[in-house]
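Student: Here is a sequence with its predicted model. Questions after.
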Amino acid sequence: MPTGPAFPLLPEPLPLEQFSGPLLVDPGPRLLGAVVEAYREAAPTLVAPTVSDLASGDGEAAPSPDLPTLSVFAGESAIDAATEGFRSAARLAALLDAGVVDLRVIDAPQPNPVLAGVRTGFALVEGKVNDKAGTAGWYRVGDDGSLRERYASRFADAEPYRLRTPSRRRVYEGFATRCDESVAAAVVRTLDAPAAAASGGDDAAHSTGGGDGPGPESTRIRAYAAGAREGVLDRTLRRACEDAGLGSPSTFTRVKRLLREAELIETVSESQPVGRPRDRLAARGALAAAETPAETVAAVRGVGD
């Protein structure tokens, strides 16, 4: 019985392991998201490891050899829309890091999305499963064994897409290495925390992608605030943010300024036996009072608006 990811075809999903050299051409955001979700269901500790997985080492850093690889030739706007929030972007980043998905940007939109293998290929038309939820799926149209060859050379000439959002594993390991595992766990849990209902269910000011997690600016603010809440040295925190793939040290100098202007952090100078004093971060106000990741998110809401 197939246990790997299944392409969301109607009326029955198609196990990708049955496909030879699959190439997905010009998927829209919904289809790209559905494919990433299929991989998450098949390999959750690779694509979306929990904090417990990461802390215990149970999260797989490398994919199973049985996990099929997929080439994706997508429009940049579709990629941006499908990865607007941290959760969706981090899942795709995990697949890119592991070499399970090879993502490249197509130069022009196609009449329909295409799924093509070495021996068969077909266009895709979106439909819905006949259920109360109205679950999305895609119908196959036609059967053309030459489809993959039509796109193969264009795909080979295209540059790999560099996703700016890191995977959950990279975030955790960046903070665990520079700081410690408790700080890494605090950061990842803060990035996971949903926005409170008072904000309308998202962080619209920071382009969160709805309920799919914080957008890039909100992600940076949450991560730095979580580190400050843990009392990390300022320079160490900025380097950890860089190692985690969240931005450059100068980017986090700006984030630090925003949080200081909001009176949510301060620095405490620590003298050293040799050399200059070190600046340790300390939370203030609502951030100091925050006891949970959700309260940390609530404390920094509106920062940078």
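Tutor: Received the coordinates, thanks.

Student: Please make it C-alpha for all contacts and neighbour counts, starting now.
Tutor: Noted.

Student: Touching, residue 277 and residue 271? I think so.
Tutor: Yes - the criterion here is Cα atoms under 8 Å, and residue 277 meets it with residue 271 at 4.3 Å.

Student: Chain neighbours aside, what residue packs nearest to the residue most central in space within the chain?
Tutor: Here the mean C-alpha position of the chain is nearest to the C-alpha of residue 90 (Cα atoms, centre = their mean), at a distance of 1.5 Å. Spatial nearest neighbour of residue 90, excluding adjacent residues (Cα to Cα, 6 or more residues apart in numbering): residue 167 at 4.1 Å.

Student: Now do the one helix or strand residue 186 maps to: which elements does it pack against?
Tutor: Element membership for residue 186 (DSSP states H and E) is helix 181-192. The contact analysis (3 or more Cα pairs under 8 Å, 6 or more residues apart in numbering; DSSP states H and E) places helix 181-192 against helix 51-56, helix 168-178, helix 216-229, helix 293-300.

Student: looking at those, which is closest to residue 30?
Tutor: Proximity to residue 30 (Cα to Cα) singles out helix 216-229 among the helices and strands packed on helix 181-192, at 20.3 Å.

Student: Pull out the buried positions in whatever helix or strand residue 151 lives in.
Tutor: For residue 151, the host element (DSSP H and E) is helix 147-157. Buried residues in helix 147-157, defined by neighbour count with 16 or more other Cα atoms under 10 Å: 147-148, 151, 155.

Student: Kindly report the same for stretch 286-303.
Tutor: Under 16+ other Cα under 10 Å, the buried positions of stretch 286-303 are 286-288, 290, 293-301, 303.

Student: Could you tell me the per-residue confidence at residue 30?
Tutor: pLDDT for residue 30: 94.

Student: tell me, how many neighbours does it end up with?
Tutor: When neighbours are defined as other Cα atoms under 10 Å, residue 30 has 15 of them.

Student: where does it land in three-state SS?
Tutor: helix (DSSP: H, G, I helix; E, B strand; the rest coil).

Student: Same check on residue 280?
Tutor: Relying on three-state DSSP, one would call residue 280 strand.

Student: Could you look up the SS state of residue 127?
Tutor: Following three-state DSSP, we place residue 127 in the strand state.

Student: what number of residues lie near it?
Tutor: By the measure other Cα under 10 Å, the count of residues near residue 127 is 15.

Student: before we move on, the earlier item: and the helix or strand containing the residue nearest to the centre of the chain, what other elements does it pack with?
Tutor: Per DSSP H and E, residue 90 falls inside helix 86-97. On a contact count with 3+ Cα pairs under 8 Å, 6+ apart, helix 86-97 meets helix 29-42, helix 44-47, strand 101-105, helix 168-178.

Student: do that again at 6 Å, thanks
Tutor: Contacts defined by 3 or more Cα pairs under 6 Å, 6 or more residues apart in numbering; DSSP states H and E place helix 86-97 against no helix or strand at all.

Student: Need the residues that contact it.
Tutor: Residues from elsewhere that reach helix 86-97 (Cα atoms under 6 Å, 6 or more residues apart in numbering): 47-48, 83, 101, 165-168, 212-215.
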